[in-house]
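Enquirer: Curious how this folds, go ahead:
(one chain, ligands or ions: 1)
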Amino acid sequence: MRMPDPDTDVIARRARIARDLRRLVPDGSSNSPVGEGVIVDEDELRAYECDGLTAYRQPPLVVVLPSTTEQVSKVLRYCHDHGVKIVPRGAGTSLSGGALPLADAVTLGLGKFNRILDIDYDNRCVVAQPGVTNLGITQAVQARGFYYAPDPSSQIACSIGGNVAENAGGVHCLKYGLTTNNLLGLEMVLMTGEVVRLGGRHLDPGDLDLMGVVTGSEGLLGVITEVTVRILRGPETARAVLMGFPDTTAAADTVAAIIAQGIIPAGLEMMDRPAIHAAEDFVHADYPLDVEALLICELDGPEAEVDHLIERVAAIAHDNRVVSLRASADDAERALFWAGRKAAFPAVGRISPDYLCMDGSIPRQALPRVLQRMTEMSRRYGLRVANVFHAGDGNLHPLILFDANVSDELERAEAFGADILRLCVAVGGVLTGEHGVGVEKRDLMYTMFTETDMAHQQRLKCAFDPGQFLNPGKVFPTLHRCAELGRMRVSGGAVPFPDIPRF
Ligand SMILES: Cc1cc2nc3c(=O)[nH]c(=O)nc-3n(C[C@H](O)[C@H](O)[C@H](O)COP(=O)(O)OP(=O)(O)OC[C@H]3O[C@@H](n4cnc5c(N)ncnc54)[C@H](O)[C@@H]3O)c2cc1C
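Expert: Purely as a prediction, here's the structure:
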């Protein structure tokens, strides 16, 4: 993995930078009386050396843990003025290496931003600091019958700020939308230290949709310091149906038929045989073990409607060779059905020393073809693959199993993963459904985008961060200076890069 060459001058100034930052973010504070503000100790830095993509590790220059927007603003301003890069970090669960540190960059941890600031039931929204966990938002409102809909499987740990930065999804996003569809407002600190507010508590802000631009921007445009999200009232009833199939084609056909008939389930997930067995061994969800594919379909709404939809889904499944079908009788059983799916990643972690979790999206009708091709690739690469995915929205999560201690297995796994993502694009899909580009998919961006597309996206980056201080080496496969992209800053009357043609 090639990263930008570290700036040796910044590394040489490390002690000075840490001392200056400690003045801006002292240990403890009125908001967060416990804990360090700046971490420099080598052993302590190790805790931050990777995110959920553990194959890549790099201790950061220093870690800074601010607890107020003012501190974030001062840190960014300082780093801007002293040529120091910043890697924002939420809970560090990214599977694409978005929070991977750089040797010459400050990792800015938002863990101390962990308070719910307001619960506004009248306007059905919650204002939270970015370090609040995804599940923490639902837990804050569930006593009054509300919840926050996007529910990544990592929801117990991942932060709402990280969810915005990755436009995170989850089981319930098929019906209720991704993070971007549930976000109302943001506060963000720009690299210059300026603080901007986007959106609010209302549905339709009148300005340019900058919130749409920032959602999914992977820490490249600014540091999010406050988030306002919509909350929903919990449905009157929710039931899940567990359906086992003799092959993945039958399951995929069932998915396509359910959606084609105008039914939008609250969740529609698929697991293949290896994933079913791993999850069942781990969670004991009573999954059928004699099937090749399992669908979990959740239907919610008024009781009569849910009962009717379950009958229709069952009829569709019978038309598509279902071999076992069980509808949850109560909430405990519904939770059990989901427990296996939600724990599928760690469950697979028990059957293989390492795995790479891929995240491509495809049009639903391509599912059988793509699954078939993946089986062929698995044979060719000599590596097992377990499939767990959001079948309803065509978002695949093939888990490629490997052992990093066996020579060349990581390289083979990565090549296999890249082939899967190329296949997703070839059938009309996209490189990432919800985990982001980070470093993992960075070098595949040209599989999907043209030079013009990429230059256009980079110009947007330059509008927010012309010095390219925020999270460099992520998302963009080539580093252009902003001047090369048609934007330039004239400093002291001297035009930078005078030999480059302007337009
Ligand atoms: C077991 C497991 C299951 C998962 N399941 C899902 C799933 O179902 N759906 C899904 O979408 N994802 C899933 N993920 C991936 C991950 O949890 C999400 O991408 C999540 O949104 C990352 O949040 P985080 O707080 O951990 O962010 P981090 O990993 O800390 O950072 C992720 C990116 O966001 C940026 N960032 C973080 N905070 C801020 C901020 N305040 N301001 C600006 N930029 C910021 C970082 O620079 C980085 O680029 C899973 C991960 C694991 C380990």
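Enquirer: who in the chain is up against the ligand?
Expert: Residues of the chain found near the ligand (Cβ under 6 Å from any ligand atom) are 51-52, 87-95, 98-99, 110, 130, 152-154, 158-159, 161-163, 165-166, 168-170, 218-219, 223-224, 345, 434-435, 471. (C-beta placed from N, C-alpha, C; glycine too.)
Enquirer: go with 5 Å
Expert: Residues of the chain lying near the ligand by Cβ under 5 Å from any ligand atom: 51-52, 88-95, 98-99, 110, 130, 152-154, 158-159, 161-163, 165-166, 168-170, 218-219, 223-224, 345, 434.
Enquirer: Could you list the low-confidence segments of the stretch 1-150 of the chain?
Expert: Applying pLDDT under 70 to the stretch 1-150 of the chain flags residues 29-34.
Enquirer: Please enumerate the strands of it.
Expert: Remark: strands assigned in the stretch 1-150 of the chain by DSSP state E, counting those that start in this stretch are 38-39, 62-64, 85-89, 105-109, 116-120, 125-128, 146-147.
Enquirer: The last one pairs with which strands, parallel or anti?
Expert: Sheet partners assigned to strand 146-147 using DSSP bridges are listed as strand 232-233 (antiparallel).
Enquirer: Between the strands of the stretch 1-150 of the chain, which one is closest to residue 7.
Expert: Closest to residue 7 of these, according to Cβ to Cβ: strand 85-89, at 7.8 Å.
Enquirer: mind checking how far that closest one is from the chain centre?
Expert: Offset of strand 85-89 from its chain centre (Cα atoms, centre = their mean, to the nearest Å): 16 Å.
Enquirer: Now do that strand against strand 105-109, angle only.
Expert: Counting by axes from the mean of the first three to the mean of the last three Cα atoms, to 10 degrees, strand 85-89 points 30 degrees away from the direction of strand 105-109.
Enquirer: For strand 85-89, name the packing helices and strands.
Expert: Using 3 or more Cβ pairs under 8 Å, 6 or more residues apart in numbering; DSSP states H and E as the contact test, the elements touching strand 85-89 are helix 69-81, strand 105-109, strand 223-230.
Enquirer: can you pull the contacts of the closest residue to residue 349 other than its chain neighbours?
Expert: What sits nearest to residue 349 in space, not counting adjacent residues and going by Cβ to Cβ, 6 or more residues apart in numbering, is residue 355, at 6.6 Å. Residue 355 sits next to 345, 348, 349, 386, 399, 400, 401, 402 when contact means Cβ atoms under 8 Å, 6 or more residues apart in numbering.
Enquirer: Kindly indicate whether residue 355 is helix, strand or coil.
Expert: Following DSSP: H, G, I helix; E, B strand; the rest coil, we place residue 355 in the strand state.
Enquirer: so how far is residue 301 from the most centrally placed residue in the chain?
Expert: The centroid of the chain falls nearest to residue 435 when counting by Cα atoms, centre = their mean (3.5 Å). Distance check for residue 435 against residue 301: by Cβ to Cβ, to the nearest Å, it reads 30 Å.
Enquirer: OK, contacts around the closest residue to residue 73 other than its chain neighbours?
Expert: Once flanking residues are discounted, residue 73 sits nearest to residue 193: 4.4 Å by Cβ to Cβ, 6+ apart. By Cβ under 8 Å, 6+ apart, the contact set of residue 193 is 73, 74, 76, 77, 80.
Enquirer: doesn't residue 196 make contact with the first one?
Expert: No. Taking contact to mean Cβ atoms under 8 Å, the distance of 10.9 Å between residue 73 and residue 196 leaves them out of contact.
Enquirer: higher neighbour count, the two?
Expert: Between residue 73 and residue 196, residue 73 has the larger neighbour count (other Cβ atoms under 10 Å), namely 20 against 13.
Enquirer: residues contacting the more buried one?
Expert: Contacts of residue 73 by Cβ under 8 Å, 6+ apart are 189, 193, 194, 195.
Enquirer: mind running it again at 10 Å?
Expert: Contacts here follow Cβ atoms under 10 Å, 6 or more residues apart in numbering; on that basis residue 73 touches 24, 66, 189, 190, 192, 193, 194, 195, 223, 225.
Enquirer: quick one: which of these sit in helices?
Expert: When DSSP state H is applied, the contacts of residue 73 are split such that residue 24 fall in helices.
Enquirer: and the contacts of residue 73, which are buried?
Expert: Burial by neighbour count, 16 or more other Cβ atoms under 10 Å: within those this picks out 24, 66, 189, 190, 192, 193, 195, 223, 225.
Enquirer: Which of those sits closest to the ligand?
Expert: Distance to the ligand, by Cβ to the nearest ligand atom, is smallest for residue 223 among these, at 4.5 Å.
Enquirer: Report the beta-bridge partner residues of the closest one.
Expert: residue 189.
Enquirer: so it touches residue 189, yeah?
Expert: Yes. At 4.7 Å, residue 223 and residue 189 qualify as touching, with contact defined as Cβ atoms under 10 Å.
Enquirer: Now for these two: what residues contact both?
Expert: Common neighbours of residue 223 and residue 189 (Cβ under 10 Å, 6+ apart) are 66, 69, 72, 73, 75, 76, 88, 108, 195.
Enquirer: And the average pLDDT for the helix or strand hosting residue 314 is what?
Expert: Counting by DSSP states H and E, the element that carries residue 314 is helix 303-319. Mean pLDDT, helix 303-319: 97.
Enquirer: And the next helix or strand past it?
Expert: Along the chain past helix 303-319, the next helix or strand (assigned with DSSP H and E) turns out to be strand 324-327.
Enquirer: Flag every buried residue along the next helix or strand after that next one.
Expert: Where DSSP H and E defines the elements, the next helix or strand beyond strand 324-327 is helix 331-342. Residues of helix 331-342 classed as buried by neighbour count (16+ other Cβ under 10 Å): 333, 334, 336, 337, 338, 340, 341, 342.
Enquirer: Switch these over to JSON lines; also include distance to residue 19 and pLDDT.
Expert: Conversion of the buried residues of helix 331-342 to JSON lines gives the following (distance: Cβ to Cβ, whole Å; pLDDT from 0 to 100):
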{"residue": "333", "distance to residue 19": "58", "pLDDT": "95"}
{"residue": "334", "distance to residue 19": "55", "pLDDT": "96"}
{"residue": "336", "distance to residue 19": "54", "pLDDT": "95"}
{"residue": "337", "distance to residue 19": "54", "pLDDT": "95"}
{"residue": "338", "distance to residue 19": "49", "pLDDT": "93"}
{"residue": "340", "distance to residue 19": "51", "pLDDT": "93"}
{"residue": "341", "distance to residue 19": "49", "pLDDT": "92"}
{"residue": "342", "distance to residue 19": "45", "pLDDT": "88"}
